[in-house]
Structure formats: C-alpha cells, structure tokens
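Peer 1: Would you be able to build a 3D model of this:
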Amino acid sequence: MKLTRLFATACLLLPSLLMAQAQGRIKGTVVDTTGKAIPEAKIVMTCPEIANYHRELKTDDKGTFATLVVDATRKYMFHVEAPGFQPVEQEYKPLIGGQTLEIGFTLTRCSGVISLSLASEGPISIPSKQVWRTFWRL
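Peer 2: Now for the predicted structure:
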C-alpha cells in the first residue's frame, strides 16, 4: 500500500519537476549611451513561436529588471523603450536549469527636433512638441 502511494506521488510530481528544468531567469539593465540608468523604461517581451505571449515589465530606479520564463527552450523578443529615447529590439534565448541570463540594453536619446523640407521654402527645423501641437489642432 505504501509503495502504491509513493508511486502515485512520484507520478504527480514528475511533470512539475521536468517543467522546472525548462524554466529560465532573465536579469537586465537599461542605460543611456553615457551608462546612466534609465528608470521606468518599458520592456515588452514577446515570443515569435507563441502568438499570444506578451509580457510587460518596467525597470526600477537603478534601471534593472528581472523576470522568469516558463519555457526557456524558446527565443524571446525584447522591445525596450523610454520617453525621450529611441526604442531598441533584440532577441534572446534564456538559459535553462537554474542559470540566469544577464542582458543589457543601451538606448540613444532622441534629438527632439524634426526637420522638414518645403518645396518653395527649403529646409526648416521645428521643435517636436510644436509639431505635435500643430497636428492635434488640425
């Protein structure tokens, strides 16, 4: 009787133990081109092989983030963005079995100026906030 219970318990625990081996941890940082941390940067994780996989993360005050993926056998796309910076996208495959993949993203500041060229006037530069205000009034 004890042997049967032991066998049944082992059968119930085995799948969860096998799935735990396929998990992966990811730690990352988001900095600007000078190496300064970017707090509150948005990280969107997707998986090209899993159509409905979508996870959103934010960096802390030190520009770091961490997450756990259940299936580390697949590659994940990381889209990183922050206000005033150009977004970056990169694909990574997590490490399997208790290892942590450490990744880093460097974002480049946007210039904040949009250049336009009018056929009759030649090129002009307008601060981007003024351009958006003009579009919203139309």
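Peer 1: Quickly list the domain ranges of the protein.
Peer 2: Following automatic domain parsing, one gets these domains for the chain: 22-107, 113-138.
Peer 1: give me the low-pLDDT residue ranges for the protein?
Peer 2: Counting by pLDDT under 70, the chain contains low-confidence ranges at 1-21, 112-138.
Peer 1: Which residue ranges of it form helices?
Peer 2: All helices of the chain, identified by DSSP state H, fall at 2-21, 128-137.
Peer 1: residues touching residue 43, list them.
Peer 2: 28, 30, 56-59, 65, 78-80 (Cβ atoms under 8 Å, 6 or more residues apart in numbering). For every residue, glycine as well, the C-beta is placed using N, CA and C.
Peer 1: Please pick the buried ones from those residues.
Peer 2: When these are checked for burial by 16 or more other Cβ atoms under 10 Å, the buried set is 28, 30, 57, 59, 65, 78, 80.
Peer 1: what pairs with the nearest residue to residue 68 once chain neighbours are set aside across the strands?
Peer 2: Excluding the flanking residues, the one nearest residue 68 by Cβ to Cβ, 6 or more residues apart in numbering is residue 25, at 5.6 Å. With DSSP bridges as the criterion, residue 25 is bridged to residue 68, residue 100.
Peer 1: Wait, residue 25 touches residue 102, no?
Peer 2: No. Counting by Cβ atoms under 8 Å, residue 25 stays clear of residue 102, with 9.5 Å between them.
Peer 1: quick one, strands of the chain?
Peer 2: In the chain, the strands defined using DSSP state E lie at 24-32, 42-47, 50-58, 64-69, 76-81, 88-92, 100-107, 113-118, 122-127.
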